[in-house]
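Novice: With the input below, show me the fold.
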Amino acid sequence: MNKKITAKHMAKLWYSMLLFIVCNGNYPAQIIYTDITDVTPNASYSLDLNNDTVVDFILYYGGSSDTIGVFCHPQNNNAYSGNFLNNNYLAWALTGSNTICPSLTTWYDANNPGTLGWGSNVGYWVGATDKYLALKLIVGTNTYYGWARIDLLAASSSFTLKDYAYNSTPNSCLLTGQTILGNPEILNKSNLSIYPNPMHTSTTLKTIDPLNNATITIYNPYGQLVKQVTQVSGQLTTIYRDNLQSGLYFIHVTERNNTLIFQKLQITDD
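Specialist: A predicted model of the protein is given here:
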């Protein structure tokens, strides 16, 4: 009799704990990964990033008979990450293990659809294979971050969507290509600051946890490597301007093949 009572009470206890977790939203965080059969649509693809039957992004291609482009059109308040260059909103074509966070460069919503590729020479995606589109998903009052892996033909006349994922914890980072939660110690180092920014002659990169044999790479807006510092260790690192021209750059910090930060850096002559 006592065993039955104990089992009954234990069942109620477990049920109460489960109900508390669900009602308070404290369920375990995870990367929600969706692996689809590679799809090359006739014209467009409606991407439902969190699989809730609501279309979050429309990927499509079209244009004149002479020039075709591939575009990303966020729905509702969702957004993609990219930059504005030569009167074009261009979506970033990220490689694997890049950090997608609230601080990732600039986000553009439905008011400014992004160009992945236009013809054979406009955009970062022209002829791209296994590159990642950084995505921001708004659901109610929560913001989530995710990615979609896409190939683009060299003439931007078609695209292939391969898979996609997002972090189920609001306002939490993930890496491009990440399908499961990674090492928290690695992701925590993405809490990094750069000051001053804009910089004139030098700036200081600071991390909460010390870097260990990391590499700092700086790219121009065209994705070209313009400066690199290797074997970086410690919490404070000074980056000198040297011969870099004034303008917008992007700083990429990696450690043991893990991307810790991908952030913009402005250089001025003032």
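Novice: Under the pLDDT cut-off, which ranges of the stretch 1-150 of the chain? List them.
Specialist: Confidence mapping of the stretch 1-150 of the chain against pLDDT under 70 gives the ranges 1-29, 65, 104-105.
Novice: State the helix or strand in which the nearest residue to Y195 once chain neighbours are set aside lies.
Specialist: Of all residues not flanking Y195 in the chain, T204 sits nearest, at 5.9 Å (CB to CB, 6 or more residues apart in numbering). Using the backbone N, CA and C atoms, a C-beta is placed for each residue, glycine as well. Using DSSP states H and E, T204 sits within strand 202-219.
Novice: need the next SSE after that strand, C-terminal direction.
Specialist: Going down the chain from strand 202-219, the next helix or strand is strand 225-240, by DSSP H and E.
Novice: Paired strands for that next one, with orientation please.
Specialist: Using DSSP bridges, the strands paired with strand 225-240 are strand 202-219 (antiparallel).
Novice: Flag every buried residue along the strand it pairs with.
Specialist: Using 16 or more other CB atoms under 10 Å as the test for burial, strand 202-219 gives 203, 205, 207, 211, 214-219.
Novice: now swap in stretch 161-176 and tell me
Specialist: Neighbour counts over stretch 161-176 (16+ other CB under 10 Å) mark 161-169, 172-176 as buried.
Novice: shouldn't L116 be in contact with W125?
Specialist: Yes: in this structure L116 lies within contact range of W125 using CB atoms under 8 Å: 3.9 Å.
Novice: in terms of contact, does G123 touch S156 like I think?
Specialist: Yes: between G123 and S156 there is a contact under CB under 8 Å: 7.0 Å.
Novice: anything in contact with each of the two?
Specialist: Here G123 and S156 have 69-70, 116-117 as joint contacts, going by CB atoms under 8 Å, 6 or more residues apart in numbering.
Novice: Show me the helices in the stretch 51-200 of the chain, by range?
Specialist: 184-188 (DSSP state H, counting those that start in this stretch).
Novice: got the contact list for the residue most central in space within the chain?
Specialist: Closest residue to the average C-alpha location of the chain: I100 at 2.9 Å, with CA atoms, centre = their mean. Neighbouring residues of I100 by CB under 8 Å, 6+ apart: 81, 94, 134-135, 145-147, 173-176.
Novice: at 6 Å what do you get?
Specialist: Contacts were defined as CB atoms under 6 Å, 6 or more residues apart in numbering; by that measure I100 touches 134, 145, 174.
Novice: Kindly report the same for G114.
Specialist: Per CB under 6 Å, 6+ apart, neighbours of G114: 72, 80, 82, 89, 91, 108.
Novice: Fine by me, thanks again.
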